[in-house]
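Enquirer: Any chance you can model this:
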Amino acid sequence: MSEIEEDLKSMIVETLMLKDIKPQEIDVDKPLFADGLGLDSIDALELAVEIGRRYKVQIKSDDERNREIFRSVRTLAAFIAEEKARQAGPGGNAGNEGGK
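Expert: Predicted coordinates for the structure are as follows:
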């Protein structure tokens with residue numbers, strides 16, 4: 001499991017104040033919404049704001065990929081890694097701040 005996935009699981013529990021769930025109980029492939037973790041659109045907004053703060057990655061509300069980006073912890077981590085690599089560009093070093 002990647003460092004981003006581990007951090008995201010903790011961030012989800014902390015940001016959304018999920019008292020009955022521990023980060024280690026979140027399956028990285030389980031859906032975040034509906035039958036999975038049961039999050040809703042307000043939760044997605046709160047997570048997008050926190051992701052922007054922590055990772056300096058923008059998730060726009062009108063992005064057509066949002067459903068796929070927020071499908072699971074794994075897809076969210078992949079999006080963050082991809083965006084950080086894109087921001088770094090060729091030979092760049094974005095992402096060296098450890099996701100914090």
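
Enquirer: any idea how far the residue nearest the centre of the chain is from Leu37?
Expert: In the chain, the centroid-proximal residue (CA atoms, centre = their mean) is Leu76; its distance is 4.2 Å. Counting by CB to CB, to the nearest Å, the gap from Leu76 to Leu37 is 12 Å. Where C-beta positions appear, they are placed from N, C-alpha and C, glycine not excepted.

Enquirer: Pretty sure the residue nearest to the centre of the chain sits against Glu68.
Expert: No: using CB atoms under 8 Å as the test, Leu76 is too far from Glu68 to be in contact (9.8 Å).

Enquirer: Can you show me the helices along the protein?
Expert: For the chain, applying DSSP state H gives helices covering 3-15, 41-55, 66-69, 73-88.

Enquirer: for the shortest one, which positions count as buried?
Expert: Applying a neighbour-count criterion of 16 or more other CB atoms under 10 Å, one finds 66, 69 buried in helix 66-69.
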